[in-house]
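Peer 1: fold the following for me, if possible:
(chains A and B, ligands or ions: 1)
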Amino acid sequence: MKQIGIPTLQPRLKVLNREQALAIHTAALEILEKIGFKMEHPRALQLLSDAGCRVSNGERVKLPSYLAEKAIKSAPKQITLYDQRGNKAMPLVNGNSFYGTGSDATFTLDLETGQRRRSTLRDVANFARLVDGLDNIAFNMSMANPEDAPIENIYVFAFAEMVKNTNKPIVFIADSGRDMAKIYEIACVVAGSEEELQGKPFLLSYSEAISPLRFPENVMERLIFCAEKRIPICFPSGSNAGGGAPVTLAGAMALGIAENLVGLVVHQLVGEGSPFLFGPNVSALDMRSAVVSYGCPEWSLTQAALADMRDEIYGLPIWAYAGASDAKVMDAQAGSEAMFSIVTALLSRSNLIHDVGFLEYGSTSSLEMVTMADELVAMSRSFVEGIPVNDETLALEAIERVANTDTNSIFLMDDHTFEHFMQAHFLPKLLDRSRYDSWEAAGSTDLYTRCNSEAKRILSQNQVECKPDDVLKGIDKILQRL
Amino acid sequence: MSEFKALIEAVTKGDISKAVAETQKAIDAGGFIQAIIDEGLIAAMDEVGDNFSKGTIFVPQMLRSAKTMQECMKLLEPLLKEGDTSSKGKVIIGTVKGDLHDIGKNLVAMMMEGAGFTVTDLGVDVSPEKFVQKAQEVEPDIVAISALLSTTMPAMPQTIEALQKAGIRDKVKVIIGGAPVTAKYAQEIKADSYGADAGSAVTEAKKLMGIS
Ligand code: B12
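Peer 2: Got it, this is the predicted structure:
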């Protein structure tokens, strides 16, 4: 009889126990019930008041816990993003992890000159095409706040540029209900129809509440639009420890979660069962430079904690960050900060992980950085796979074979090696392990230089499957009518 | 050696009760109010600023010292004679229309207060008209404008233009800042100055006032 195999432990990082998770959750509910928040959107205010919130002074709202608990229950436990051809691409559920880029960097490191310069629509296109060609980068964000796009429609132009240059899922930004509607129109053209888009969404809206505890009209407008149209949305506030939120991580998380829950409650009141990706951005305000850090261990720690809270309490897929840095160039600091957040995000099973490829605390983007991160994600994945233990991997037969042949035999020549090496080892493409002489002969390159060449190679060789002519025409028509 | 050694030490350490007690002591001893401010409090804050630039203290320590100074000022202000000034200048500050980022703006405001400016904070999402209206009301020396989004940066030249139209552009100095803002941009839109962070915001504001 075939025996039941030995299960493989896949390393999983836990940073909170159940008591800690519940205490932070309770504190978040207390913030909403006792301290309250400022809701500046009339319809949202009415909805909250009708649902049982207490409203005072026009827009100060106190929200009873049961409303939050109810919204947590009605939001779907799984959000599936499709690619732009309608194939299932990102089932955001349980411990599935997907990495992608970030939005809105003001500057970019030029691929040719290495100089930091203002980013343009062309950069949006290049990042999209690069992401399209990288195996471990699952979704795309604009990575640029393009200088050459008309400012009042900047997010519509950035979105159009993304769909023209990648078929992967897109996480997008909008400013108000108005540009959101235009982006939605483009998305419908790409999907074929509104129905097809809602059935197989390839996009997720990144919208933000204002810490502490403020909900402006245009932000809520976008949230309500998404709830009605069932476009997946995330709603992280900037509850960074020491700036928008208390300096201590527990309090910063409680505040960020409270702000997220307000979004979730309104969202579910408008569109019960509409998809909502949970989670705040809890980074740290650097106490020397007053910069919100994109490379600090605190952000990785709070999102690992959020993953624990997801498992203990919320059951909703979560929003996260990784693969970014505060370094100004892609140097050793950039590599170490990127790797730290990438591996911990995976170890803690964060779901949708954005901001891959940012430098300078989110102000500058780098194609090389994204290319490096692709390799670091692969490296992390191979680590998190763990060590499968079975007859094949214990390899006693191979050991016997090699031990019994002549003394100068090694495992490298054995068939077992040939059959298993691809799965057994991580095989780097960009991280250099060559001998000194061959490294020197190949130009004595560092990782930055190799990532630069690889990014250029992908941009020139990877063929992004082009959208049909009528789709492209449809998009241009929408842009012209703006 | 300054006669305000103990006061200076209390302010640099951010020991509010000690600093307030020392201020009271100096008042009781009949010291000149202006001297307590200049040689005591401001001297202490200059030292704090230096330490921060050198990297030996952190932002919260600097802010605590600023708060300590303000508590001491509460005792001194009512005693100031006509002609004495407790203020290095008047500032109005706000984040531009359409922009809701305020952490950086708040930090700049606090640091300016700490350095002895009188600051009126107009909040976020401040329209050019509101900047003008407040400028007419407060008659500030400096109008400080913050923007964190490239999409809201154009509201900066619009605000400067509105000040021009209202005929008060040459009565105020305009300083701008925020993540996407650069010195070059400040020049282009004819602002008088630019600060990359809260520390340089203060240095620049002092330069604009002809003090340093
Ligand atoms: C926190 C944050 C938020 C919070 C803000 C909370 C709050 N109460 O302020 C929230 C979550 C609400 C938010 C929202 C958005 N944000 Co935001 N946000 C940030 C973040 C992470 C940090 C900003 C911050 O507070 N820094 C800490 C403070 C202390 O520093 P500072 O603001 O830079 O200020 C210092 C200097 O700039 C200078 N300074 C500032 N003002 C002034 C004024 C004067 C006169 C002077 C002299 C100096 C000066 O001194 C300050 C102190 O040292 C930055 C990225 C980053 N790391 O900078 C993005 C960032 C600014 N946001 C960005 C974006 C795109 C948005 C959104 C559009 C996103 C969305 N999906 O909705 C919305 C816009 C909302 C709106 N209409 O305003 C982009 C902007 C890109 C661009 N070029 O336009 C950034 C750069 C992130 C990114 N790469 O995508 N954000």
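
Peer 1: any regions of chain B where pLDDT drops low?
Peer 2: Residue ranges of chain B with pLDDT under 70: B:1-2, B:82-86, B:212.

Peer 1: that one: strands as residue ranges?
Peer 2: Using DSSP state E, the strands of chain B run over B:90-95, B:118-121, B:142-146, B:173-177, B:193-195.

Peer 1: per-domain residue ranges of the chain.
Peer 2: All of this is about chain A. Under automatic domain parsing, the residue ranges defining each domain of chain A are A:18-71, A:76-384, A:391-424.

Peer 1: not what I meant, chain B
Peer 2: B:5-79, B:90-208.

Peer 1: including distance to residue A:299, could the strands of chain B go into CSV?
Peer 2: Just so you know, the C-beta spots here come from the backbone N, C-alpha and C atoms, and that holds for glycine as well. Below are the strands of chain B laid out as CSV (distance: least, CB to CB, whole Å):
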stretch, distance to residue A:299
strand B:90-95, 24
strand B:118-121, 29
strand B:142-146, 24
strand B:173-177, 25
strand B:193-195, 27
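
Peer 1: return the most buried member of the ones you listed.
Peer 2: strand B:142-146 (a mean of 27; mean count of other CB atoms under 10 Å in any protein chain shown).

Peer 1: so who does the residue sitting furthest away from the middle of chain B touch?
Peer 2: The centre of chain B is farthest from one residue, residue B:29, which by CA atoms, centre = their mean lies 30.0 Å away. Under the criterion of CB atoms under 8 Å, 6 or more residues apart in numbering or on different chains, residue B:29 has no contact partners.

Peer 1: backbone phi and psi for it, please?
Peer 2: Torsion angles at residue B:29 (phi, psi; degrees, to the nearest 10) stand at phi -80, psi 0.

Peer 1: swap in residue A:284?
Peer 2: phi -120, psi 140.

Peer 1: got the contact list for residue A:59?
Peer 2: If you count contacts by CB under 8 Å, 6+ apart, then residue A:59 has A:38-40, A:45 around it.

Peer 1: out of those residues, who's nearest chain B?
Peer 2: residue A:40 (10.3 Å; CB to the nearest CB).

Peer 1: that closest one and residue A:217, how far apart?
Peer 2: Separation of residue A:40 from residue A:217 (CB to CB, to the nearest Å) stands at 5 Å.

Peer 1: do the same with residue A:46
Peer 2: For residue A:46 relative to residue A:217 (CB to CB), the value is 13 Å.

Peer 1: could you do residue A:346 as well?
Peer 2: 38 Å.

Peer 1: more neighbours, these two?
Peer 2: residue A:346 (25 against 14; other CB atoms under 10 Å in any protein chain shown).

Peer 1: and the residue nearest the centre of chain B, what is it in contact with?
Peer 2: Centroid-nearest residue in chain B, with CA atoms, centre = their mean: residue B:112, separated by 1.6 Å. Contacts for residue B:112 (CB under 8 Å, 6+ apart) come out as B:91, B:93, B:119, B:144, B:201-202, B:205.

Peer 1: between the residues you listed, which is nearest chain A?
Peer 2: residue B:201 (11.1 Å).

Peer 1: around the ligand, which positions in chain B sit nearby?
Peer 2: Taking CB under 6 Å from any ligand atom as the contact definition, chain B meets the ligand at B:99-105, B:107-108, B:144-146, B:148-151, B:175-180, B:195, B:197-198, B:201.

Peer 1: of the residues you listed, which belong to helices?
Peer 2: B:103-105, B:107-108, B:198, B:201 (DSSP state H).

Peer 1: how about the residues of chain A by chain B?
Peer 2: Contacts of chain A with chain B, taken as CB under 8 Å from any CB of the partner chain, map to A:106, A:145, A:147, A:151, A:154, A:175, A:210, A:214, A:216, A:238, A:242-244, A:247, A:285, A:287-290, A:292, A:363.

Peer 1: using ChimeraX, make a named selection holding only the buried ones among those.
Peer 2: One line in ChimeraX is enough to select the buried ones among those; burial here means 16 or more other CB atoms under 10 Å in any protein chain shown:
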select /A:106,145,147,151,154,175,210,214,216,238,242,243,244,285,287,289,290,292,363
